[in-house]
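> Test case, fold it:
(chains A and B, ligands or ions: 2)
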Amino acid sequence: MSFNIYGCWTLFKKEVVRFMKVFIQTILAPTVSTMLYLLVFGVVFEDAVVIYGGQSYSSFLIPGLVMMAMTQNAFANSSSSILQSKMNGNIVFVMLAPISVFEFYLAFVMAAIVRGLVVGVGVLLIAALLVDFEVYSIGLILLFAIVSSGVMGAMGVIAGISADKYDHLSAFQNFIILPLTFLSGVFYSIQNLPPFWQEVSSYNPVFYLIDGFRHGFLGVSDVDYQQSVVVALLFFILLSILSIFMLHSGYKMRE
Amino acid sequence: MTTSAIELLDVKKRYKNTEALQGVSFSVEQGEFFGLLGPNGAGKSTLINIMGGLVNATSGVVKVMGHDVVRDYRMSRSKIGVVPQELVYDPFFSVWEMLVIQSGYFGLGRENHGWINELLETLKLSDKRDENLHNLSGGMKRRVLIAQALVHRPSVVVLDEPTAGVDVELRRALWEFANRLHSEGHTILLTTHYLEEAESMCDRIAILNKGSCIALDGKDRLIEKSSWRVAVVTDKLAGSEDLFSAALSSAVVSRSRNSTQLRISRDEAAAKNMLQKLSSLGVSDDKIQLREPTLEEIFLTMTADKVIV
Ligand SMILES: Nc1ncnc2c1ncn2[C@@H]1O[C@H](COP(=O)(O)OP(=O)(O)OP(=O)(O)O)[C@@H](O)[C@H]1O
Ligand SMILES: [Mg+2]
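Numbering: from 1, shown residues only, chains lettered A, B, ... in the order given. Ligands and ions are numbered 1, 2, ... in the order given. Below is the predicted model:
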């Protein structure tokens, strides 16, 4: 048994079923709140903000909001599931099983990606009813949706392992993820920022996730989308290695 | 020689500021019914968690059916079924879902459903099959934990205090079940604080105290090997406080209204000495009976904090 495929698949399925069982909290609520952002910001700033010349603000805003919803939910999925299992003690059931750290990582990250995609599709479906937006490349959109949810799913694994209580998770969420997301050009193009802040933004990996994703919709973006693909993939690989390393060390799990 | 079911070699575990295990070594042979005893905090659960791979030992080697629990964890984990001490459960799932999930973790799919149904039947959980785990009583949750531990048909079954907080009827049923598993060829390792249980069920017993194994033997040998027996004094005076003051108090095992039980050495000279003391206190010979100690009495003596000579 060099790879416990069925075990990994079972853990993945369990994680998906878990969030589907509470879909009001995990799917519906984030979809609705994202729509509120779109309504408020889209309507208020529709004519006030000019993006890339001719595009409407809503069509600029939608990809950013969708990405924000996806990444937040992907993070929430793996982090809170792991923390909750640790606190309830039922994490022992997986730990007693012949499941490797890589299989554990893979199952949680894949489930986080599914949660991200479901929320993303939900938001897009409702948005399509309200405003017009373009789709430039489905492939690019999917690539960024998957990799970005994966990035945050892996980050969630790291946070879930390190956290001892929900306080720690909200600290992670409010002091790391939220600032990175808000300062990444969800609501504005960084070309509208002063040079100093443009420079700062270029070190924010989440910026590339959103910028590349947006390129899939608009066909234009702040930086070359190929650069964003590279940064997103590197970021994903880095976080994956880190979380697998943490799992392997047994840190807070088997110590 | 056949492989030991469980092999422990100088196992140490240090938590932040606790030495939970300070070098434990022993083996449990295949087909044994083995009791791991020890007072609260002795390190029993820590040892069991290391066997199941839940906790990494600080040093030492642990093997299950010959498979190292760290290097060869897939094999070792598929050979051992651990019933944890705490009543843990996943509130998102029903009994059936949980068992199917657990079985899936071991790579077992639909082909294992028959066995899961059999487990539900045996553990009298069939009518709770679709109930959410959250809604089960403590005893039922305990049975689900047992089913979960057996879902992959492990050859070694480890029960960490299975009868804690369990009613009389269920306790009997659990012992019957453990006996059945044993007679079907499983190796059983259990911890319990009910020493009569351990005495009646286990072939061999290890006693842990403060992270060290302080005794390991067949239970009869453990009793024979003790350096003392028990003198039961049923003299009228035996219950009175002043009778057994100073001189004998350190030998008292237990005391009730009309009898006092004392440790009395197997060494003839020492025993004679004590009998003389008793007689000088006015206890007549025919009011004294000697018997073998119970496991509980030996256990209490060995794990007592004060030194008993
Ligand atoms: N996760 C942990 N972190 C720190 N210390 C721990 C941890 N788990 C156990 N200990 C300590 O290790 C020692 C042994 O604990 P353990 O749970 O193994 O005892 P036990 O023999 O199972 O006791 P009981 O009969 O009460 O179940 C105790 O001092 C305990 O406080
Ligand atoms: Mg214990």
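
> Only C-alpha atoms from now on, for both contacts and neighbour counts.
Will do.

> in the chain, which segments are predicted with low confidence?
I went with chain A, as the question did not name one. Within chain A, the ranges that satisfy pLDDT under 70 run A:1, A:49-51, A:53.

> I was thinking of chain B, sorry if that wasn't clear
B:1, B:236-247, B:305-309.

> Residue nearest the middle of chain B, spatially speaking?
B:T191 (2.4 Å; Cα atoms, centre = their mean).

> near chain A, which residues of chain B show up?
B:15, B:52-57, B:73-75, B:77-78, B:82, B:88-90, B:92, B:101-102, B:104-109 (Cα under 8 Å from any Cα of the partner chain).

> Give me the longest helix you can find in the chain.
All of this refers to chain A. Longest helix in chain A by number of residues (criterion: DSSP state H): helix A:57-88.

> right idea, wrong chain: chain B
helix B:168-183.

> got a list of what the residue of the stretch 101-250 of chain B found nearest chain A touches?
Residue nearest to chain A within the stretch 101-250 of chain B: B:Y105 (3.9 Å; Cα to the nearest Cα). B:Y105 sits next to A:Y6, A:G7, A:C8, A:T10, A:L11, A:V94, A:A97, A:P98, A:I99 when contact means Cα atoms under 8 Å, 6 or more residues apart in numbering or on different chains.

> Can you select the buried ones among the residues you listed for me in ChimeraX?
In ChimeraX, this line selects whichever of these come out buried by 16 or more other Cα atoms under 10 Å in any protein chain shown:
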select /A:6,7,8,10,11,94,97,98,99
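
> Filter the contacts of B:Y105 down to the ones in helices?
Counting by DSSP H, these place A:Y6, A:G7, A:C8, A:T10, A:L11, A:V94 in helices.

> Need those residues in TSV (columns: distance to A:A232).
Compiled in TSV, those are given as follows (distance: Cα to Cα, whole Å):
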residue	distance to A:A232
A:Y6	29
A:G7	29
A:C8	25
A:T10	28
A:L11	26
A:V94	30
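
> Does the longest helix of chain A reach chain B?
Yes: contact of helix A:57-88 with chain B (Cα under 8 Å from any Cα) involves A:S85, A:N88.

> Point out the residues in the stretch 101-250 of chain A that sit beside chain B.
A:G250.

> How many residues are close by the closest residue to chain B within the stretch 101-250 of chain A?
Among all residues of the stretch 101-250 of chain A, A:G250 sits closest to chain B, at 7.7 Å; criterion: Cα to the nearest Cα. Each residue near A:G250 was counted by other Cα atoms under 10 Å in any protein chain shown, and the total is 16.

> List the residues that contact A:F236.
When contacts are counted by Cα under 8 Å, 6+ apart, A:F236 touches A:V147, A:S148, A:G150, A:V151, A:A154.

> Out of those residues, name the ones that lie in strands.
The strands, defined by DSSP state E, take in nothing from these.

> now those residues: which count as buried?
Neighbour-count burial (16+ other Cα under 10 Å) is assigned, among these, to A:V147, A:S148, A:G150, A:V151, A:A154.

> isn't the first one right up against A:L233?
If I follow you right, that is A:V147. Yes: counting by Cα atoms under 8 Å, A:V147 does reach A:L233; the two are 6.9 Å apart.

> show me where the stretch 151-255 of chain A has helices.
Remark: helices assigned in the stretch 151-255 of chain A by DSSP state H, counting those that start in this stretch are A:166-172, A:178-182, A:195-201, A:205-218, A:225-249.

> Okay, buried residues for the last one please.
Right, the one you point to is helix A:225-249. Buried, per 16+ other Cα under 10 Å, within helix A:225-249: A:225, A:228-229, A:231-233, A:235-237, A:239-240, A:242-244, A:246-247.

> For the residues you listed, work out which two are farthest apart.
By the measure Cα to Cα, A:Y225 and A:L247 form the most distant pair in the buried residues of helix A:225-249, at 32.6 Å.

> gap between the closest residue to ligand 1 within the stretch 201-309 of chain B and B:K13?
Nearest residue of the stretch 201-309 of chain B to ligand 1: B:G211, at 7.1 Å (Cα to the nearest ligand atom). For B:G211, the distance to B:K13 equals 9 Å [Cα to Cα, to the nearest Å].

> In this structure A:I141 contacts A:D211, no?
No: assessed by Cα under 8 Å, A:I141 is found out of contact with A:D211, at 10.7 Å.

> Counting neighbours, go ahead and name the busier of these two.
Shown here are A:I141 and A:D211; by other Cα under 10 Å, A:D211 has more neighbours (27 against 19).

> How about the more buried one: what's its closest non-neighbour residue?
Leaving aside its chain neighbours, A:D211 sits nearest to A:S221 (5.9 Å; criterion: Cα to Cα, 6 or more residues apart in numbering or on different chains).

> Next, give phi and psi for that neighbour.
phi -160, psi 170 (degrees, to the nearest 10).

> do B:L159 as well
Torsion angles, degrees, to the nearest 10, at B:L159: phi -120, psi 110.

> who touches it in this structure?
B:L159 touches B:V82, B:V83, B:P84, B:Q85, B:I188, B:L189, B:L190, B:T191, counting by Cα under 8 Å, 6+ apart.

> Which strand or helix spans the fifth one?
B:I188 is part of strand B:187-191 when elements are defined by DSSP states H and E.

> Show me what from chain B comes close to ligand 1.
B:Y15, B:T18, B:A20, B:P39, B:N40, B:G41, B:A42, B:G43, B:K44, B:S45, B:T46 (Cα under 6 Å from any ligand atom).

> Right, I'll call it a day here.
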